[in-house]
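> Sequence plus predicted model, see below.
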Amino acid sequence: MGNIVDRRKNNKGKSTGNRQKFLRRVEDQIKKAIPDIMSQESIKDAGTGGSVSVPIKGIDEPSFHHQPGSGRKYLVRPGNDRFNEGDRIPKPEGEGKGGGGRGKGSNSPEITQDEFTVVLSREEFLKYFFDDLALPNLLKKFMDSTYTFSYKRAGYTKDSVPSRLNIKSSFQQSLARQIALKGAYEKKLKALMLQLEGVAEEEERMLLEVEIEKVARQARTIPFFEDVDLRYNNFEQVPTPVTSAVMFCIMDVSGSMGQHEKDIAKRFFTLLYLFLTRQYKNVELVFIRHHTEAKEVDEEEFFNSRESGGTVVAPSLKLMHKIRRERYDDSWNVYCCQASDGDVWSREDAVNCRRLLRELILPSVQYMAYIEINRNSEGDLWQAYKEVCDEINFSMRRIQEVNQIWPVFRGLFRKRDELNAV
Amino acid sequence: MNKKETYKSLFCNPNWDYPTLEAADEVTERIGREYLKLKTYSNQIEIVTSEQMLDAYSLIGLPTSYPHWKFGKDFVMNQNNYSKGRMGLSYEMVINSNPCISYNMENNSTCMMLLVIAHACQGHNAFFANNYMFLDWTSADSIVDYMVFAREYIMACEEEWGEDEVEQVLDACHALMNHGVDRYKKPSKRSARQENERLRKLTSIRHENVNELWRTLPSLRQGVEESRKHKKFPQEPEENLLYFIEKFSPTLPDWKREIVRIVRKVAQYYYPQSATKVMNEGFASFVHYHIINKMYDEGWVNDGFMLEFIKSHSSVLYQPEYNSKYFSGLNPYTLGFNIFMDIKRICLDPTPEDRLWFPNLIGKHWLDEVHYAMENFRDDSFILQYLSPKVIRDMKIFAITDDESKKEYEINAIHNERGYKRIREQLSQQYDRANWVPNIQVTGLDLHATNKLTLTHSLYNDRKLEPEETRKTLEQLRSLWGFPVEILTRNKLGVNEQSFVCR
């Protein structure tokens, strides 16, 4: 009699380890493919579920084997329907591996698959995507700066402000004190009464009665609350990680920004967004677009509606600052990225922007990135920002083509890391 | 209700249950033993899900294996193909071990379950337990334990020497895996007593035949003889490259040597499987066909069950014709099954033609002859011995020559009187290992200066080595050997046609 075992309940991941080994083996290829995927695919839903297939060039498992087509091969086939001994059949044109080489009988193990795709889960994809970026140092920095303090109840204290008075425990204290004091007076009173009964002389009786009167009054007038009764709620400061971040996207939508520039900007914003969603539980987006005036819009409008006109940048920075102050307190990590073609209305505007940046924005944000999508020369804004580019939480880059986003994105963070190291 | 009725109602319910499998195992086992006289290992039937079957696929039919990316790659590939519907999973997979482990897919119907239990747990099991290739080259008792050892050993190496280093060794070994197989037994080492005995005899013979005259010969020649002897190493060519490396690599550290040994053992374990594909599947099909029919005759199953069985059976044995779009070579199930069935037919009901072709089979009991064939052959010899004109005619087999130097294929034999023999030889050759594994042997090792290893590839049907792959494989060999390696392709006249060197 055989033994029957139901294996279905066993764990299924028997090949997980080997799959990981294989992924490590093709890591370079996967990483190389990521910029292509990013620039081809719609990245809008990059943060959501689903999977990504990465084409993998057949990785070699070389062995000694015969060259297909060389020498003489003797084949045997079933189902002869037309041939007679001695018949000749022309070989198919372009004879390489095809024709006779294919289907050489099912016992020949020479099945080579040149290319196949690895399907990465979203998690795995993002891991590869960010692995290079989240340098240890940077990560640490992130962790450090994402703490805030919250107050947590921690017992009672005798000394604090009235607003934190804990009535219940104060009253308990008071009751205890009242009972204790009352008991003591009562005992005293009883003793005095006994004494009174045994005294005959009038004068002494008078004195005792006065005494009794006094103690009885004391017993009646035990104060309801005294300072010693009061108990206040105690709070301790506890560091808690911040799980929310807000990302401001500021984009120039003036006439000088074409579809191409917008496309690049969009991809850049998406990348930063992806990065933030990996770091924080909750990421909010605020879109501010500006031409001559700044306006908060939703994502759809931000990327899609067309505007024209001149460019004034400073109002958008002011608007951003205003929104931040109104809606996001210190517990939020603030990120800001600005995309522009670098054109500004006037030198004065650029100088204004620099001032705003230095005085209002940079002190309050975790990080600000400025990208200039400009095919020719450095724009005015670039010139102006250059002076603040030494700030730790600011960096700026120039991009010309879609496929430059990835390196630039990496560069942004790398730069920051280098600065930290100094 | 008696037992037969109970079992019948179990077997005829398309949804199986634990008792169904137990009953199936019991009945097939009894029929196999009593009717087909099968000697088998005990069975361990495991029910698995499709994911687990994919795992089993990537480990090439072993319950466990050492960790390596290759298995991960196969897994990813199979998973892709399976999830895209390009590949179906087989109904069962069976492991040559004792007890004989077989994996059965959970979504098989009851009929399929019976079929695969008869096929794998009786057919394949009996084949593993009786065929000489498996008895000679594998040890079913210890393979699972050995793989557990291999896994642990390689994981310990990874721990100690780093995953990259271990991976590199394994990569190199895998490249040579096809050349890590012994096809002929090496003489076993003499024991100390035997060796002493031999030396004693040798000395006494010398004493008896001593002749003073020999001393007068100049001693110089002796020196030349000595050095010539030393120059030639190995004295006999060695076809098992992994064995040669394991034994003679000058600088390989011990732990790497052990890894080479592990891969060599695994390669050896697979060797009989690759050499008996047609026989193995053919015999297993022969067994399930007989067992299920016997069950029907004995009344264990009803007509509906048989219809489903016949449908599954014939789709397993379907042989697309050469010009069909489903054609992918000869179906080993079909070929093997047909040959085994024909052995039975010849024994029971020979025609004059059979008397001419198979005089040995005439008048014998069919079961004895089937057992004899199953036990003592492998694919190439089996076909050469038993492929009958009737099978060739039935399958309309024909033979083609594909010569590199000619512009046309030539049909050199069809299913007629003149062609039978040639087809038989040609088909047998197709299943010869030499047809797909180039014949490469270690022929030289320069022990004096460079430790250079020389391999010789002997041409088979003038088929050359694929240059690109050969170079890459040679690099792997170089990394294992630690010194330069070269490979020379020799034709029949001993002339070099190709040569590759990796310094």
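Everything's here; your move. Small disclaimer: the values here were computed from a predicted structure and weren't measured.
> wait, doesn't B:Leu488 sit right on B:Leu453?
No - between B:Leu488 and B:Leu453 there is no contact under CB atoms under 8 Å: 11.6 Å. All C-beta spots, glycine's among them, are computed from the backbone N, C-alpha and C.
> which one of those two has more residues nearby?
Counted by other CB atoms under 10 Å in any protein chain shown, B:Leu488 and B:Leu453 do not tie: B:Leu453 has more neighbours, with 26 against 18.
> Look up the residues forming beta bridges with that one.
Counting by DSSP bridges, B:Leu453 is bridged to B:Leu445, B:Val485.
> Name the helix or strand for residue 203, please.
As the question left the chain open, I've gone with chain A. helix A:202-220 (DSSP states H and E).
> You answered for a different chain; I wanted chain B.
helix B:192-208.
> pLDDT of that helix, averaged?
Averaged across helix B:192-208, pLDDT comes to 85.
> Repeat that for stretch B:441-452.
For stretch B:441-452, the mean per-residue pLDDT is 86.
> Next, the distance between the ends of that stretch.
Using CA to CA, to the nearest Å, the end-to-end distance of stretch B:441-452 comes to 14 Å.
> Please apply the same query to stretch B:393-410.
Using CA to CA, the two ends of stretch B:393-410 sit 20 Å apart.
> buried sites along that stretch?
For stretch B:393-410, a neighbour-count test (16 or more other CB atoms under 10 Å in any protein chain shown) marks B:Met395, B:Lys396, B:Ile397, B:Phe398, B:Ala399, B:Ile400, B:Thr401, B:Asp402, B:Asp403, B:Tyr409 as buried.
> Show residues contacting that stretch.
Here stretch B:393-410 makes contact (CB atoms under 8 Å, 6 or more residues apart in numbering or on different chains) with A:69-81, A:83, A:86-91, A:100, B:319, B:321, B:334-335, B:338, B:391, B:411-415, B:419, B:422-423, B:426-427, B:462.
> Quick check: helices, which of the buried residues of stretch B:393-410 are part of them?
If you go by DSSP state H, those have B:Met395 in helices.
> Tabulate the buried residues of stretch B:393-410 (JSON lines), appending distance to B:Ser42 and pLDDT.
Converted to JSON lines, these look like this (distance: CB to CB, whole Å; pLDDT from 0 to 100):
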{"residue": "B:Met395", "distance to B:Ser42": "36", "pLDDT": "91"}
{"residue": "B:Lys396", "distance to B:Ser42": "42", "pLDDT": "91"}
{"residue": "B:Ile397", "distance to B:Ser42": "39", "pLDDT": "91"}
{"residue": "B:Phe398", "distance to B:Ser42": "44", "pLDDT": "92"}
{"residue": "B:Ala399", "distance to B:Ser42": "43", "pLDDT": "92"}
{"residue": "B:Ile400", "distance to B:Ser42": "45", "pLDDT": "90"}
{"residue": "B:Thr401", "distance to B:Ser42": "48", "pLDDT": "89"}
{"residue": "B:Asp402", "distance to B:Ser42": "47", "pLDDT": "88"}
{"residue": "B:Asp403", "distance to B:Ser42": "51", "pLDDT": "88"}
{"residue": "B:Tyr409", "distance to B:Ser42": "50", "pLDDT": "89"}
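> what residues go with each domain of chain A?
Taking automatic domain parsing as the domain assignment, the ranges for chain A are A:15-37+A:49-56+A:112-129, A:162-234, A:242-421.
> I'd like the average pLDDT over the second one.
Along domain A:162-234, the predicted local confidence has a mean pLDDT of 88.
> Quick one: distance of it to the chain centre.
Counting by CA atoms, centre = their mean, to the nearest Å, domain A:162-234 is centred 63 Å from the centre of its parent chain.
> How about the last one?
Put simply, domain A:242-421 sits 18 Å off its chain's centre (CA atoms, centre = their mean).
> hmm, back to that, of the buried residues of stretch B:393-410, which belong to strands?
Among these, the members falling in strands are B:Phe398, B:Ala399, B:Ile400, B:Thr401, B:Asp402, B:Asp403, B:Tyr409 (criterion: DSSP state E).
> How many residues are close by the residue nearest to the second one when sequence neighbours are not counted?
Meaning B:Ala399. Using CB to CB, 6 or more residues apart in numbering or on different chains and skipping the chain neighbours, the partner closest in space to B:Ala399 is B:Ala413 (4.2 Å). Residues within reach of B:Ala413, counting by other CB under 10 Å, total 26.
> Correct me if wrong: B:Ala413 contacts B:Arg422.
Yes - at 4.0 Å, B:Ala413 counts as touching B:Arg422 under the criterion of CB under 8 Å.
> The residue lying closest to A:Ala294 once chain neighbours are set aside: what secondary structure?
With sequence-adjacent residues excluded and distances taken as CB to CB, 6+ apart, A:Ala294 is closest to A:Ser316, at 3.7 Å. With DSSP: H, G, I helix; E, B strand; the rest coil as the basis, the three-state label of A:Ser316 is helix.
> and B:Ile440, what helix or strand is that in?
Secondary structure (DSSP H and E) places B:Ile440 in strand B:439-445.
> In the stretch 401-503 of chain B, mark out all the strands, start to finish.
Remark: strands assigned in the stretch 401-503 of chain B by DSSP state E, counting those that start in this stretch are B:408-413, B:439-445, B:453-458, B:485-490, B:496-502.
> what's the answer for the stretch 1-150 of chain B, then?
B:43-48, B:92-95, B:100-105.
> re the thing from before, mind listing what's buried along the helix holding B:Thr203?
So for helix B:192-208, nothing qualifies as buried (16+ other CB under 10 Å).
> re earlier: just the buried ones out of the contacts of stretch B:393-410, please.
Using 16+ other CB under 10 Å as the burial test, the contacts of stretch B:393-410 include A:69, A:71, A:73-78, A:80, A:83, A:91, A:100, B:319, B:334-335, B:338, B:391, B:411-415, B:419, B:422-423, B:426-427 as buried.
> Could you list which of those belong to helices?
Among the buried ones among the contacts of stretch B:393-410, the members found in helices (DSSP H) are B:Thr334, B:Leu335, B:Asn338, B:Val391, B:Gly419, B:Arg422, B:Ile423, B:Gln426, B:Leu427.
> Which pair in those residues has the greatest spatial separation?
Farthest apart among these by CB to CB are B:Thr334 and B:Arg422. That separation is 20.9 Å.
> and the longest helix for chain A?
helix A:167-197.
> That one vs helix A:202-220, what angle?
If you take axes from the mean of the first three to the mean of the last three CA atoms, to 10 degrees, helix A:167-197 sits at 170 degrees to helix A:202-220.
> Need the three-state assignment for A:Ala200.
Quick answer, by three-state DSSP: A:Ala200 is coil.
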